[in-house]
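*Asks:* Build the 3D model from these lines:
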Amino acid sequence: MSEKPSLPDTKPAMRTEFLARRKELSAEEISRLGAQLLDRALKLPEISNAHTLAAYISMGSELPTMPLLSHLLKQGTKIVVPRLGKGRDIGWSYFGSARELSEVGKHRPAEPQRAEVLGLEALKAADTILVPAFFIDREGYRLGRGAGWYDQALLHARPSATLIGVAYPWETSEKRLLPRDAHDIAVDVILTPKQTVRLRS
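*Replies:* I've put the predicted structure just below:
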(Lines give C-alpha, C1' and ligand atoms only; values in the text may rest on other atoms or scores of the structure.)
Protein backbone atom coordinates (compact mmCIF):
# COMPACT_ATOMS: atom_id res chain seq x y z
CA MET A 1 0.00 0.00 0.00
CA SER A 2 3.02 2.30 0.16
CA GLU A 3 3.70 2.25 -3.58
CA LYS A 4 3.65 5.59 -5.37
CA PRO A 5 2.22 6.21 -8.84
CA SER A 6 4.72 5.41 -11.55
CA LEU A 7 3.59 8.39 -13.62
CA PRO A 8 2.72 11.97 -12.60
CA ASP A 9 -1.04 11.75 -13.13
CA THR A 10 -3.16 14.87 -13.49
CA LYS A 11 -6.93 14.95 -13.15
CA PRO A 12 -7.61 16.15 -16.73
CA ALA A 13 -5.27 13.52 -18.20
CA MET A 14 -6.82 10.74 -16.14
CA ARG A 15 -10.34 11.88 -17.01
CA THR A 16 -9.46 11.75 -20.71
CA GLU A 17 -7.93 8.30 -20.25
CA PHE A 18 -10.94 6.77 -18.54
CA LEU A 19 -13.45 8.47 -20.81
CA ALA A 20 -11.65 6.94 -23.80
CA ARG A 21 -11.83 3.50 -22.18
CA ARG A 22 -15.55 3.87 -21.59
CA LYS A 23 -16.13 4.81 -25.23
CA GLU A 24 -14.84 1.38 -26.19
CA LEU A 25 -17.69 -0.33 -24.34
CA SER A 26 -20.64 -1.70 -26.26
CA ALA A 27 -24.20 -1.29 -25.00
CA GLU A 28 -24.24 -5.02 -24.28
CA GLU A 29 -21.11 -4.78 -22.12
CA ILE A 30 -22.51 -1.85 -20.17
CA SER A 31 -25.77 -3.71 -19.59
CA ARG A 32 -23.94 -6.87 -18.46
CA LEU A 33 -21.71 -4.96 -16.05
CA GLY A 34 -24.75 -3.07 -14.81
CA ALA A 35 -26.46 -6.36 -13.93
CA GLN A 36 -23.37 -7.43 -12.01
CA LEU A 37 -23.35 -4.09 -10.21
CA LEU A 38 -26.98 -4.57 -9.16
CA ASP A 39 -26.23 -8.00 -7.70
CA ARG A 40 -23.21 -6.75 -5.78
CA ALA A 41 -24.92 -3.57 -4.57
CA LEU A 42 -27.83 -5.49 -3.05
CA LYS A 43 -25.38 -7.49 -0.94
CA LEU A 44 -24.28 -4.31 0.80
CA PRO A 45 -26.45 -3.74 3.92
CA GLU A 46 -25.83 0.00 3.65
CA ILE A 47 -27.75 -0.13 0.36
CA SER A 48 -30.28 -2.93 0.84
CA ASN A 49 -31.25 -1.77 4.35
CA ALA A 50 -31.16 1.99 3.76
CA HIS A 51 -34.27 3.89 4.78
CA THR A 52 -33.30 6.75 2.45
CA LEU A 53 -30.70 6.49 -0.31
CA ALA A 54 -29.23 9.36 -2.32
CA ALA A 55 -28.13 8.23 -5.75
CA TYR A 56 -27.40 9.54 -9.21
CA ILE A 57 -29.34 8.60 -12.33
CA SER A 58 -26.79 7.23 -14.76
CA MET A 59 -26.28 8.68 -18.22
CA GLY A 60 -24.18 7.82 -21.26
CA SER A 61 -21.49 5.26 -20.54
CA GLU A 62 -21.92 5.35 -16.76
CA LEU A 63 -22.74 2.07 -15.04
CA PRO A 64 -26.54 1.72 -15.09
CA THR A 65 -28.18 2.65 -11.79
CA MET A 66 -31.83 2.49 -12.85
CA PRO A 67 -32.20 -1.27 -12.19
CA LEU A 68 -30.95 -0.74 -8.64
CA LEU A 69 -33.16 2.31 -8.02
CA SER A 70 -36.23 0.49 -9.36
CA HIS A 71 -35.54 -2.53 -7.16
CA LEU A 72 -35.09 -0.40 -4.05
CA LEU A 73 -38.26 1.58 -4.76
CA LYS A 74 -40.26 -1.67 -4.87
CA GLN A 75 -38.96 -2.63 -1.43
CA GLY A 76 -39.93 0.75 0.01
CA THR A 77 -36.62 2.62 0.07
CA LYS A 78 -36.91 6.39 -0.25
CA ILE A 79 -34.58 7.75 -2.93
CA VAL A 80 -33.36 11.28 -3.52
CA VAL A 81 -31.63 12.19 -6.77
CA PRO A 82 -29.76 15.31 -7.93
CA ARG A 83 -31.52 18.23 -9.57
CA LEU A 84 -28.94 20.24 -11.46
CA GLY A 85 -29.16 23.98 -11.80
CA LYS A 86 -26.76 26.54 -13.21
CA GLY A 87 -23.11 25.95 -12.40
CA ARG A 88 -22.84 24.38 -8.97
CA ASP A 89 -26.45 24.96 -7.95
CA ILE A 90 -27.37 22.04 -5.72
CA GLY A 91 -30.84 20.57 -5.40
CA TRP A 92 -32.54 17.21 -4.87
CA SER A 93 -35.87 15.56 -5.57
CA TYR A 94 -37.51 12.39 -4.37
CA PHE A 95 -37.55 9.78 -7.13
CA GLY A 96 -40.82 7.93 -7.68
CA SER A 97 -40.50 5.97 -10.94
CA ALA A 98 -38.77 5.93 -14.31
CA ARG A 99 -42.00 7.18 -15.92
CA GLU A 100 -41.53 10.54 -14.19
CA LEU A 101 -38.12 11.20 -15.68
CA SER A 102 -37.15 13.65 -18.37
CA GLU A 103 -35.15 12.38 -21.30
CA VAL A 104 -31.44 11.94 -20.72
CA GLY A 105 -29.43 14.70 -22.35
CA LYS A 106 -25.93 14.37 -23.78
CA HIS A 107 -24.37 16.17 -20.83
CA ARG A 108 -27.26 16.11 -18.38
CA PRO A 109 -28.91 13.20 -16.55
CA ALA A 110 -32.63 12.55 -16.49
CA GLU A 111 -34.50 14.22 -13.63
CA PRO A 112 -37.96 13.81 -12.05
CA GLN A 113 -40.10 16.35 -13.83
CA ARG A 114 -43.07 16.76 -11.49
CA ALA A 115 -41.31 16.20 -8.18
CA GLU A 116 -40.67 19.11 -5.85
CA VAL A 117 -37.15 20.52 -6.03
CA LEU A 118 -35.66 20.33 -2.55
CA GLY A 119 -32.76 22.26 -1.13
CA LEU A 120 -29.41 21.31 0.34
CA GLU A 121 -30.89 19.93 3.53
CA ALA A 122 -32.56 17.06 1.66
CA LEU A 123 -29.28 15.17 1.59
CA LYS A 124 -29.27 14.95 5.39
CA ALA A 125 -32.09 12.40 5.14
CA ALA A 126 -29.85 9.91 3.33
CA ASP A 127 -28.33 6.98 5.22
CA THR A 128 -26.25 6.06 2.17
CA ILE A 129 -25.04 8.14 -0.77
CA LEU A 130 -23.96 6.70 -4.13
CA VAL A 131 -21.60 8.90 -6.12
CA PRO A 132 -20.24 8.31 -9.64
CA ALA A 133 -16.53 8.27 -10.43
CA PHE A 134 -14.17 7.90 -13.36
CA PHE A 135 -11.52 6.68 -10.93
CA ILE A 136 -11.17 6.05 -7.19
CA ASP A 137 -7.76 5.74 -5.56
CA ARG A 138 -6.79 3.49 -2.66
CA GLU A 139 -7.66 6.16 -0.10
CA GLY A 140 -11.15 6.69 -1.48
CA TYR A 141 -10.62 9.94 -3.35
CA ARG A 142 -12.60 10.05 -6.56
CA LEU A 143 -12.25 11.62 -9.98
CA GLY A 144 -15.49 13.22 -11.12
CA ARG A 145 -16.48 15.29 -14.13
CA GLY A 146 -14.50 18.27 -12.90
CA ALA A 147 -17.31 20.63 -11.91
CA GLY A 148 -17.03 19.94 -8.18
CA TRP A 149 -20.79 19.43 -7.82
CA TYR A 150 -20.59 16.38 -5.58
CA ASP A 151 -17.78 17.79 -3.45
CA GLN A 152 -20.05 20.76 -2.69
CA ALA A 153 -23.13 18.60 -2.20
CA LEU A 154 -21.43 16.17 0.18
CA LEU A 155 -20.68 18.99 2.58
CA HIS A 156 -24.38 18.76 3.48
CA ALA A 157 -24.42 15.00 4.16
CA ARG A 158 -24.79 13.93 7.76
CA PRO A 159 -21.58 12.58 9.32
CA SER A 160 -23.00 9.08 9.82
CA ALA A 161 -23.95 8.63 6.14
CA THR A 162 -21.99 6.02 4.18
CA LEU A 163 -20.44 7.35 0.96
CA ILE A 164 -20.13 4.74 -1.78
CA GLY A 165 -18.17 5.47 -4.95
CA VAL A 166 -19.33 3.58 -8.05
CA ALA A 167 -16.85 2.78 -10.83
CA TYR A 168 -15.93 0.22 -13.45
CA PRO A 169 -13.51 -2.52 -12.32
CA TRP A 170 -10.52 -0.91 -14.08
CA GLU A 171 -11.24 2.50 -12.56
CA THR A 172 -9.67 1.77 -9.19
CA SER A 173 -6.07 0.99 -8.27
CA GLU A 174 -3.78 0.62 -5.26
CA LYS A 175 -0.87 2.09 -7.24
CA ARG A 176 -2.26 5.32 -8.65
CA LEU A 177 -3.12 8.28 -6.45
CA LEU A 178 -5.21 11.27 -7.42
CA PRO A 179 -3.94 14.79 -6.96
CA ARG A 180 -5.80 16.27 -3.96
CA ASP A 181 -7.68 19.52 -3.58
CA ALA A 182 -8.70 20.93 -0.22
CA HIS A 183 -12.41 20.39 -0.95
CA ASP A 184 -12.09 16.72 -1.98
CA ILE A 185 -14.08 14.23 0.11
CA ALA A 186 -13.15 10.54 0.22
CA VAL A 187 -15.72 7.74 -0.05
CA ASP A 188 -16.06 4.99 2.56
CA VAL A 189 -16.69 2.14 0.12
CA ILE A 190 -15.65 1.44 -3.48
CA LEU A 191 -18.29 -0.48 -5.43
CA THR A 192 -17.59 -2.01 -8.85
CA PRO A 193 -19.33 -4.87 -10.69
CA LYS A 194 -16.43 -7.13 -9.66
CA GLN A 195 -15.59 -6.15 -6.09
CA THR A 196 -16.51 -4.21 -2.99
CA VAL A 197 -13.71 -2.49 -1.08
CA ARG A 198 -14.39 -1.11 2.40
CA LEU A 199 -12.01 1.70 3.23
CA ARG A 200 -13.74 2.91 6.39
CA SER A 201 -16.41 1.33 8.55
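*Asks:* Every contact and neighbour count from this point should use C-alpha atoms.
*Replies:* Will do.
*Asks:* roughly how far out does the top strand by length along the chain sit from the chain middle?
*Replies:* Ranked by residue count and defined by DSSP state E, the top strand of the chain is strand 78-84. Distance, stretch centre to chain centre, for strand 78-84: 12 Å (C-alpha atoms, centre = their mean, to the nearest Å).
*Asks:* next helix or strand past the helix ranked longest in the chain?
*Replies:* In the chain, taking DSSP state H as the definition, the longest helix is helix 27-41. Using DSSP states H and E, the helix or strand that follows helix 27-41 in sequence is helix 45-48.
*Asks:* what does that following helix contact?
*Replies:* For helix 45-48, the external contacting residues (C-alpha atoms under 8 Å, 6 or more residues apart in numbering) are Ala41, Leu42, Leu53, Leu72, Asp127, Thr128, Thr162.
*Asks:* Is Asp188 in contact with Leu199, as I believe?
*Replies:* Yes - Asp188 is within contact range of Leu199, at 5.3 Å (criterion: C-alpha atoms under 8 Å).
*Asks:* Are there residues contacting both of these two? Which ones?
*Replies:* Common contacts of Asp188 and Leu199, defined by C-alpha under 8 Å, 6+ apart, comprise Gly140.
*Asks:* Tell me if I'm right that Pro193 and Arg32 touch.
*Replies:* No - if you go by C-alpha under 8 Å, Pro193 and Arg32 don't touch, sitting 9.2 Å apart.
*Asks:* who has more neighbours, the two?
*Replies:* Comparing Pro193 with Arg32 by other C-alpha atoms under 10 Å, the one with more neighbours is Pro193, at 20 against 14.
*Asks:* ok, back up a step: so which elements touch whichever helix or strand comes after the longest strand of the chain?
*Replies:* Helices and strands here follow DSSP H and E; after strand 78-84, the next one along the chain is strand 90-94. Judged by 3 or more C-alpha pairs under 8 Å, 6 or more residues apart in numbering; DSSP states H and E, the packing partners of strand 90-94 are strand 78-84.
*Asks:* residues contacting Gly165?
*Replies:* Gly165 neighbours (C-alpha under 8 Å, 6+ apart): Leu130, Val131, Pro132, Ala133, Ile136, Gly140, Arg142, Val187, Asp188, Val189, Ile190, Leu191.
*Asks:* pretty sure the first one belongs to a strand, no?
*Replies:* Yes - under the criterion used here (DSSP: H, G, I helix; E, B strand; the rest coil), Leu130 sits inside a strand.
*Asks:* that older thread, would you convert the contacts of Gly165 into TSV that also reports distance to Glu17, neighbour count and pLDDT?
*Replies:* Shown next, in TSV, are those (distance: C-alpha to C-alpha, whole Å; neighbours: other C-alpha atoms under 10 Å; pLDDT from 0 to 100):
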residue	distance to Glu17	neighbour count	pLDDT
Leu130	23	22	97
Val131	20	21	96
Pro132	16	24	94
Ala133	13	22	95
Ile136	14	29	96
Gly140	19	24	95
Arg142	15	30	94
Val187	22	23	96
Asp188	24	19	97
Val189	23	22	98
Ile190	20	27	97
Leu191	20	25	98
